[in-house]
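Engineer: Provide a 3D model corresponding to the input given below.
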Amino acid sequence: MFTRLLLLFSLLIVVLPLPTQGQAMSCPDPTQSWQERASDDMDIDVAGLTEGEPQIAETLPFLRSLLVVRHGCLVYERYFADASADTLFNSYSVTKSVTATLIGMAIDEGKIGSVHDEMATYITATVPPADRRISIDNLLKMLSGIGWNEDDPKDITGMLELKRDEVAYILSLPLSHRPGTFWNYSTADSHLLSAIMTGASGETELAYATPRLFAPLGIANVRWTQDANGFNLGGTQLFWQARDMAKFGLLYLHGGIWNDKIVLSKDWIDYVTTPQLADPTIYTLAYGAHWWIVSLPDYPRMFAAVGYGGQYIIVAPQQDMVIVTTANSYIQPPNLYISGLEATRQQEAILDYVATFILPSIST
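Structural biologist: Numbering: from 1, shown residues only. Predicted coordinates:
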């Protein structure tokens, strides 16, 4: 279903210095809570944003949340249907970008040598000889060559049933292409990265992430599904609040710096958000390394963590902006999903909305 996708709070009261003329006001990193600022301070026309709200009801009825962060301040926040700021949203494949972040942190920490290391160095399961050539870089770029089919219920639905030895199942699949030569969107590649994280660190992804990523950002309410062997699913089923998704995007916007401390290296951010392939592309998206690159007409290139059916963390460096959306991806919860075609349509409709209403609202 992913194959065609190349797809209330308490305010922290802070006294801010007035900006000099021509300099936009900004907010401190929201470790405890987000600060809201008047739109005039943020060089953004919130009235223009609200003009698009009837369009949401008409063409984006599946939308559950929409947040806009400008200059580090939460300038726009809306929830729809039964959602609220307290809702834990399944971010689906946004999870992949979190997994990639943890790989980078493990490299920074010295627990993993480099992206060029073979996955077999860290996975405790028996790796078939043909698969031993697969590197961490191959997995991050979806170039493993493993014959996983994201459209086949046996593969992706089987993973979500949480009953089988998932790593063993993935490694039992044939190697369809030589590693590094063929792009195939694969949640299997992401799950192998989770196994690598556990093998390298001795901890699950969630246990590793909590003190190093989530706690520094003030992200306290997270649920992350595990497979039958206790590995967090590396590519899906990370549940968290939309505001915390925005914090994650803000970390990337700020080059890995949070409250003047390095949480993630800038080199790693550059690596995962650089297009690794001239092709494939679909609509406005191209692929990096577990992050997508977004190119909308008339706007500088952005990058995004993207999840099934319209989960987005869009990072727009030139606009100093983060945009978060979550969307309904179920026909009937918890496990009857919309079709891949419908998921693609929802994702494209959200990007159209971003291009039509959100980005044009920026005044400078």
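Engineer: for the stretch 1-150 of the chain, which spans come out with low pLDDT?
Structural biologist: 1-24, 37-41 (pLDDT under 70).
Engineer: so what's Ser135 up against?
Structural biologist: Val115, His116, Asp117, Glu118, Met119, Pro179, Gly180 (Cβ atoms under 8 Å, 6 or more residues apart in numbering). Glycine gets a C-beta too; all of them are placed from N, C-alpha and C.
Engineer: what about it, distance to Asp151?
Structural biologist: To Asp151, Ser135 is 26 Å away according to Cβ to Cβ, to the nearest Å.
Engineer: can you pull the buried residues of the host helix or strand of Thr101?
Structural biologist: Here Thr101 sits within helix 94-109, counting by DSSP states H and E. Buried residues in helix 94-109, defined by neighbour count with 16 or more other Cβ atoms under 10 Å: 94-108.
Engineer: and that helix, how far out from the chain middle?
Structural biologist: 11 Å (Cα atoms, centre = their mean, to the nearest Å).
Engineer: can you classify the residue nearest to Gly145 when sequence neighbours are not counted as helix, strand or coil?
Structural biologist: Closest residue to Gly145 apart from its sequence neighbours, by Cβ to Cβ, 6 or more residues apart in numbering: His177 at 3.9 Å. Following DSSP: H, G, I helix; E, B strand; the rest coil, His177 is assigned to coil.
Engineer: next one: the one 5 residues further on
Structural biologist: Secondary structure assignment for Phe182 (three-state DSSP): coil.
Engineer: closest one to Arg64 out of the contacts of Ser135, please.
Structural biologist: Val115 (34.5 Å; Cβ to Cβ).
Engineer: what stretches of the stretch 201-350 of the chain score poorly on pLDDT?
Structural biologist: 277-284.
Engineer: swap the cut-off to 50 and go again
Structural biologist: 279-282 (pLDDT under 50).
Engineer: so where do the helices sit in the stretch 101-250 of the chain?
Structural biologist: 136-140, 153-161, 166-172, 187-201, 205-209, 242-253 (DSSP state H, counting those that start in this stretch).
Engineer: so which of those helices gets nearest Val75?
Structural biologist: Per Cβ to Cβ, nearest to Val75 of the helices of the stretch 101-250 of the chain: helix 242-253, 11.1 Å.
Engineer: ok, now how distant is the closest residue to Ser114 other than its chain neighbours from Asp137?
Structural biologist: In space, and not counting its chain neighbours, Ser114 is closest to Ile107: 6.4 Å by Cβ to Cβ, 6+ apart. Applying Cβ to Cβ, the value for Ile107 to Asp137 is 11 Å.
Engineer: same check on Ile56?
Structural biologist: For Ile56, the distance to Asp137 - Cβ to Cβ - is 39 Å.
Engineer: ditto for Thr274
Structural biologist: Applying Cβ to Cβ to Thr274 and Asp137 gives a distance of 12 Å.
Engineer: ditto for Val315
Structural biologist: For Val315 relative to Asp137 (Cβ to Cβ), the value is 22 Å.
Engineer: before we move on, the earlier item: what is the most widely separated pair among the contacts of Ser135?
Structural biologist: Asp117 and Gly180 (14.0 Å).
Engineer: neighbours around Ile262, how many?
Structural biologist: 11 (other Cβ atoms under 10 Å).
Engineer: do you know how far the nearest residue to it once chain neighbours are set aside is from Thr273?
Structural biologist: Spatial nearest neighbour of Ile262, chain neighbours left out: Gly256 (6.0 Å); criterion: Cβ to Cβ, 6+ apart. Distance of Gly256 to Thr273, given as Cβ to Cβ: 11 Å.
Engineer: repeat that for Glu348.
Structural biologist: For Glu348, the distance to Thr273 - Cβ to Cβ - is 21 Å.
Engineer: between those two, which has more neighbouring residues?
Structural biologist: Thr273 (22 against 17).
Engineer: what residues are up against the more buried one?
Structural biologist: Counting by Cβ under 8 Å, 6+ apart, Thr273 has contacts Tyr252, Gly288, Ala289, Trp291, Ile293, Phe303, Val315.
Engineer: 7 Å - rerun?
Structural biologist: Thr273 makes contacts with Gly288, Trp291, Ile293, Phe303, as judged by Cβ atoms under 7 Å, 6 or more residues apart in numbering.
Engineer: among those residues, which one sits closest to Glu161?
Structural biologist: For the contacts of Thr273, the nearest to Glu161 is Trp291 (27.7 Å; Cβ to Cβ).
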